[in-house]
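Q: this one's structure only:
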């Protein structure tokens, strides 16, 4: 999904900004990969290979860049269980509550779709604990 705010400015944006906006929307052109931030190039270059894109996400050292790449795979419908787990671990390790809740929600939805009620219930409990902890710190 394109960012409406950016789309209003697209005509005035430089090529790297247009390439990055397209990448974030899940539609990167091969000829613009070199214009992306270095951390994102590996994921973008993997094309439709979900597992190799997942390996590229794992190779990203910067936690924020790793979550951005995972989000791009989610946006493009290519997120794998491995990427979702990596995103949960990354957000948790950084103490980033909102991304953690979002990615736990992705895992829970996948478990529900797979009919794994035990995993879905466990994820639901974890989400509730994190939400309660967040309310206590306000």
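A: Structure's in. What do you need? The structure displayed is predicted, hence computed values, not measured ones.

Q: so how far is the lowest-mean-pLDDT helix or strand in the chain off the chain centroid?
A: Among the secondary structure pieces of the chain, namely its helices and strands, helix 50-59 has the lowest mean (mean pLDDT, DSSP states H and E), a mean of 85. Taking CA atoms, centre = their mean, to the nearest Å, the mean C-alpha location of helix 50-59 is offset from the chain mean by 12 Å.

Q: and the helix ranked longest in the chain, what's buried?
A: The helix that spans the most residues within the chain, counting by DSSP state H, is helix 117-136. When burial is assessed from 16 or more other CB atoms under 10 Å, helix 117-136 yields the following buried residues: 120, 123-124, 126-127, 130. For glycine as for every other residue, the C-beta is placed from the backbone atoms N, C-alpha and C.

Q: all helices of the chain, in order?
A: So, for the chain - with DSSP H - the helices run 4-9, 15-24, 38-45, 50-59, 63-75, 81-94, 97-113, 117-136.

Q: closest to residue 30 out of the ones you listed?
A: With CB to CB, the closest approach to residue 30 among the helices of the chain belongs to helix 38-45: 8.0 Å.

Q: report the buried residues of the closest one.
A: Residues of helix 38-45 classed as buried by neighbour count (16+ other CB under 10 Å): 39-45.

Q: phi and psi next, for residue 25.
A: Phi and psi for residue 25, reported as degrees, to the nearest 10, are phi -80, psi 0.

Q: from residue 34, how far off is it?
A: Spatial separation of residue 25 from residue 34 under the definition CB to CB, to the nearest Å is 18 Å.
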